[in-house]
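[1] just coords:
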Ligand SMILES: CN(C)C(=N)NCCC[C@H](N)C(=O)O
């Protein structure tokens, strides 16, 4: 099994993650807390109460986990295409796979990455939702002192299964939307690249950016539900499951709830995924 795709997926994912984390913090707050009036209000409040560091809460863990998660996504995607079409990454420009194969490979990558991502994403969301200022002498300590403490507390209170809270919503979110992600990327690259050639850096940046936006617009409804399921049970259980969370969220907040965070998700998705795909393609060409 070729491993370059796994390594390239890891490095490119880490670059994208650092760039996108401040947007991600604002998004998670908007989706799970009602104290903010919008993106700007949320950013101003985070900056005033928690300083610039507030935007980077919960980042150390995703940086470590991106090694697993993004490499699983890109590695499984590419190796599934290899099984389906018997072409390696280098051969695919000359013999492009069908969109059905690309979609199936993307869904497979998304499904498997969601399983690896679930505990890391839960810890990230719990840490991002802590509104206490960081390292202020005299202020009450936050519930979780850091990612390891957060993981240990969840494990102690809720057992191994607690670490997978929201995992179903995450799998439902990621399986089809990763198909959308790779189809958009490949479709745009093919559209703007002469047959048989590699796409230019500008094409990769634009196609990667739009692939990120398309997949996140499709993913946002389940992203909201996923974040709520992950925050559920901190004091008492509110939702019985994914469906119950959807129904009660719509009852209380209307259909618009499914698009909470869509603007910030899209603003984050463009630069993150432009950089992710550019570094991924660059590394594979370097090693190929
Ligand atoms: C849930 N969806 C839609 C996605 N994860 N889409 C692919 C983008 C992956 C990238 N690491 C990012 O975080 O934007």
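    Right, received. Where do you want to start? Everything quoted here is computed from the prediction, not taken from an experiment.
[2] which residue packs closest to the residue of the stretch 51-200 of the chain found nearest the ligand, ignoring adjacent ones?
    Scanning the stretch 51-200 of the chain for the residue nearest the ligand gives residue 177, at 3.9 Å (criterion: Cβ to the nearest ligand atom). The C-beta positions use only the backbone N, C-alpha and C, and glycine is treated the same way. The spatial neighbour of residue 177 that comes closest, neighbours along the chain excluded (Cβ to Cβ, 6 or more residues apart in numbering), is residue 219 at 4.2 Å.
[3] what's the burial count for the residue of the stretch 51-200 of the chain closest to the ligand?
    A count of nearby residues for residue 177, using other Cβ atoms under 10 Å, gives 21.
[4] got it, and residue 207?
    Burial of residue 207 is recorded as 26 neighbouring residues (other Cβ under 10 Å).
[5] Could you find the closest non-adjacent residue to residue 257?
    Taking Cβ to Cβ, 6+ apart as the measure, residue 257 lies nearest to residue 249, with 4.8 Å between them; neighbours along the chain are not counted.
[6] Show me which residues of the protein are close to the ligand?
    Applying the criterion Cβ under 6 Å from any ligand atom, the portion of the chain that neighbours the ligand consists of 13, 16, 70, 173-174, 177, 181, 212, 215-216, 219, 269, 272-273, 276.
[7] Any chance you could list what contacts stretch 155-169?
    Stretch 155-169 is contacted by residues 114-115, 118-119, 121-122, 125, 151, 154, 222, 225-227, 229-230, 232-233, 241-242, 245 when judged by Cβ atoms under 8 Å, 6 or more residues apart in numbering.
[8] Give me the buried entries from the residues you listed.
    Among the contacts of stretch 155-169, those classed as buried by neighbour count (16 or more other Cβ atoms under 10 Å) are 114, 118-119, 121-122, 125, 151, 154, 222, 225-227, 229-230, 232-233, 242, 245.
[9] Which of those fall in helices?
    Where those overlap with helices, as defined by DSSP state H, the overlap consists of 114, 118-119, 121-122, 125, 151, 154, 222, 225-227, 229-230, 242, 245.
[10] Minimum pLDDT in the residues you listed, which residue is that?
    Lowest model confidence among these falls on residue 125, which carries 87.
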